[in-house]
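Asker: okay, here's the prediction I keep looking at, along with the sequence it came from:
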Amino acid sequence: MNSHTFYRWASHSFPRKTPKPMPLGFTSPHSSDRISAAESISYDDIGSALYFESELKDITSEAGTPVTFACKLVGDAERIVWRKDGQIMEEGDEFVQQYNSHNGWCKLTISEVFPEDQGIISCQAINKSNESVTSCFFTVQGKYLVVLSSADKDIYYC
């Protein structure tokens, strides 16, 4: 093959080997590279960074009363997951979850606190690119109902 043939081939748009993967968000300054603006990933595809501007704070509450946990998220979350001691808290009458995507406030309200609600409460925000978690310790005070055994018909308060 002579040099003239080589240059003729090089001037045509023949497929090239696939380039090595570039870091996410990398754009090449060379228009001849296979990574172009049309092929780049949009921010909608990867989501935005998430972090809690205002984190959960430790709370102490009396048994039998309602309590609300609140934290403020920066970034767009696809999903908010509330947990108690690592277990997902399903939304229902007892646990009311709210997320305002306009101002970032995430709230969990427990309508009536019981001793078994005590533990580590966490809020996890998730989107396509990452996740963020904030946690606090929840302490329940007050009278605890204790049944010593099924044979014992008396109810004791501690």
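Answerer: Sure, I can see it.
Asker: is it correct that Glu131 is in contact with Gln124?
Answerer: Yes - with contacts counted by Cβ atoms under 8 Å, Glu131 reaches Gln124, the gap being 6.1 Å. Where you see a C-beta, it was placed from the backbone N, CA and C, and this is true even at glycine.
Asker: those two: who's more crowded?
Answerer: Remark: of Glu131 and Gln124, Gln124 carries more neighbours, 18 against 14, as counted by other Cβ atoms under 10 Å.
Asker: ranges for the helices of the protein?
Answerer: 3-11, 43-46 (DSSP state H).
Asker: which of those helices has the lowest mean pLDDT?
Answerer: Of all those, mean pLDDT reaches its minimum on helix 3-11 (a mean of 45).
Asker: where does pLDDT dip in the protein?
Answerer: Low-confidence segments of the chain (pLDDT under 70): 1-47, 143-158.
Asker: could you pull out the strands in this structure for me?
Answerer: 51-54, 59-62, 67-74, 79-84, 87-88, 95-99, 105-110, 119-126, 131-141, 145-146, 156-157 (DSSP state E).
Asker: show residues contacting the second one.
Answerer: The list of residues contacting strand 59-62 from outside it, by Cβ atoms under 8 Å, 6 or more residues apart in numbering, reads 67, 69, 113, 136, 138-142.
Asker: any of those buried? List them.
Answerer: The neighbour-count test (16 or more other Cβ atoms under 10 Å) applied to these identifies 67, 69, 113, 136, 138, 140 as buried.
Asker: excluding its backbone neighbours, what's nearest Phe95?
Answerer: In this structure, Phe95 finds its nearest non-sequential neighbour in Met89, 4.9 Å apart by Cβ to Cβ, 6 or more residues apart in numbering.
Asker: which phi and psi does the one you found have?
Answerer: Torsion angles at Met89 (phi, psi; degrees, to the nearest 10) stand at phi -100, psi 110.
Asker: in contact with it, which residues?
Answerer: 82-83, 95, 97, 108.
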